[in-house]
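> Fold the following.
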Amino acid sequence: MSRPLEGREVAVIGAGVAGLTASLALAERGARVVLYERSATLGAQACSWMAGGMLAPYCERDGSEPRVSERGMAALDWWPRHVPGVTRGGSLVVVVPRDRADLARFAARTERHEALDADALAALEPDLAGRFGQALWFADEAHLDPRHALEALALALRRLGGRLEMDADVRCDDFADRPVIDCRGLGARDALPSLRAVRGEMILLRSRDIRLHRPVRLLHPRTPVYVIPRADGLLMLGATSIESEHAGPVSARSAMELLNAAYLLHPALADAEIVELGVGLRPAFPDNLPAVVRDGQVLRFNGLYRHGFLLSPWYAEHLADGLADHYAEAA
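Next up, the predicted model:
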């Protein structure tokens, strides 16, 4: 079988989730990949480091373009094939009693879910027993720890012969002799001026009282929140999506709203320790959908918005297939 990328050198710029998934997809097709990252440490300037890591294509049918769900389904198989630690326990959606109409609307807009009563919910998440009378369980969904996943992708790239050059300040036009994959996120606005920043904030808690086995979304009319379990008793709170270029610390308003929503999920979270507060500026195009834009020898992969871990596998595979087809046709 012909492998048009076999031995071909490819430069990838930007080691967030876009750059790492693209690099791995190219290396698996035989390309000799060098991934350049301007930071000295992996994730230091990547919004991917602050991500939730939910692989929830069915939940995303509520409020997102159908393509997000359709293309996001690829992530459910791609991530377990490439990194350890992916948990396929599904995800839960809950509401407090006064917001039951919101749960019915969510159910109508989504698919592949099972309606649970209080007893069925408690069987899945014992620490939520007695908290909610209704829930939706999306059994086919999954989640991962983004930080562990990025590190695992870097290791997998090296095992395939790729190189990761840290603290490397390079430009796309430094590589006239090879194809370039531009995954610089907001750093690529010199070439993609329609990109905008969408600020996302997160709080990392450690709880000795509450253990969850899967992500839980609490539908809330003012501040919906998701709580995602990680190792060592850690719980990640997130859901803010603010049209802002400000990369400063988490605001008091956002922190209070996220923590108040978490308290609604379970009052015992009031005693959890705050381990970290973080902010990421996510790159987004006007339609909030990613794109791969060809610009001569450069392919610009960008605009993952708040769907980085969900959509990067589909786009990375199609980018690699497209580059392989390009060289096959030129042969």
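> Give the buried residues for the longest helix seen in the chain.
Within the chain, and with DSSP state H defining each element, the longest helix by residue count is helix 308-330. For helix 308-330, the neighbour count (16 or more other C-beta atoms under 10 Å) marks 308-317, 319-320, 323-324, 327 as buried. Every C-beta, even on glycine, is put in place using the N, C-alpha and C of the backbone.
> Also stretch 91-105?
Taking 16+ other C-beta under 10 Å as the criterion, stretch 91-105 shows 91-96, 99, 102-103 as buried.
> need the helices for this structure, in chain order.
With DSSP H as the criterion, the chain has helices spanning 17-28, 66-72, 75-82, 100-109, 118-124, 146-159, 252-265, 308-330.
> Distance to residue 222 and mean pLDDT added to the ones you listed, as JSON lines?
JSON lines is the format used below for the helices of the chain (distance: least, C-beta to C-beta, whole Å; pLDDT from 0 to 100):
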{"stretch": "helix 17-28", "distance to residue 222": "29", "mean pLDDT": "98"}
{"stretch": "helix 66-72", "distance to residue 222": "24", "mean pLDDT": "97"}
{"stretch": "helix 75-82", "distance to residue 222": "29", "mean pLDDT": "98"}
{"stretch": "helix 100-109", "distance to residue 222": "12", "mean pLDDT": "95"}
{"stretch": "helix 118-124", "distance to residue 222": "23", "mean pLDDT": "97"}
{"stretch": "helix 146-159", "distance to residue 222": "26", "mean pLDDT": "98"}
{"stretch": "helix 252-265", "distance to residue 222": "7", "mean pLDDT": "92"}
{"stretch": "helix 308-330", "distance to residue 222": "25", "mean pLDDT": "94"}
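> would a markdown table of the ones you listed with distance to residue 51 be doable?
As requested, the helices of the chain are arranged in a markdown table below (distance: least, C-beta to C-beta, whole Å):
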| stretch | distance to residue 51 |
| --- | --- |
| helix 17-28 | 7 |
| helix 66-72 | 14 |
| helix 75-82 | 12 |
| helix 100-109 | 22 |
| helix 118-124 | 24 |
| helix 146-159 | 4 |
| helix 252-265 | 15 |
| helix 308-330 | 6 |
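> Which one, of these, ends up nearest to residue 54?
Set against residue 54 and scored by C-beta to C-beta, the helices of the chain come closest in helix 308-330, at 7.3 Å.
> what sits against residue 26?
5, 10, 12, 33, 181, 319-320, 323 (C-beta atoms under 8 Å, 6 or more residues apart in numbering).
> what about the helices of the chain, which gets the closest to residue 172?
That would be helix 17-28 among the helices of the chain, by C-beta to C-beta, at 12.9 Å.
> mind listing what's buried in the closest one?
In helix 17-28, residues buried by neighbour count (16+ other C-beta under 10 Å) are 17-28.
> With respect to residue 193, which of the residues you listed is nearest?
Residue 193 has its nearest neighbour among the buried residues of helix 17-28 in residue 18, at 18.4 Å by C-beta to C-beta.
> what about the closest one, distance to residue 224?
Distance of residue 18 to residue 224, given as C-beta to C-beta, to the nearest Å: 26 Å.
> One more: residue 177?
48 Å.
> Pick out whichever of these two has more residues nearby.
When residue 177 and residue 224 are compared on other C-beta atoms under 10 Å, the one with more neighbours turns out to be residue 224, at 19 against 8.
> Show the contacting residues for the more buried one.
Contacts for residue 224 (C-beta under 8 Å, 6+ apart) come out as 217-218, 239, 261.
> What's opposite residue 34 in the beta bridge?
With DSSP bridges applied, residue 34 shows beta-bridge pairing to residue 11, residue 163.
> May I have the residues that are in contact with it?
Taking C-beta under 8 Å, 6+ apart, we find residue 34 in contact with 9-12, 162-165.
> Stretch 96-113: end-to-end distance?
Start and end residues of stretch 96-113 are separated by 19 Å (C-alpha to C-alpha, to the nearest Å).
> ok, and what's touching that stretch?
Residues from elsewhere that reach stretch 96-113, judged by C-beta under 8 Å, 6+ apart: 58-59, 61-63, 93-95, 115, 132-140, 218-221, 264.
> what do you get for stretch 150-159?
With contact meaning C-beta under 8 Å, 6+ apart, stretch 150-159 is reached by 15-17, 20-21, 23-24, 27, 33, 35, 42-43, 46, 48-49, 82-85, 164.
> Can you tell me which of these are classed as buried?
Members of the contacts of stretch 150-159 that pass the buried threshold by neighbour count (16+ other C-beta under 10 Å) are listed as 15-17, 20-21, 23-24, 27, 33, 35, 42-43, 46, 48-49, 82-83, 164.
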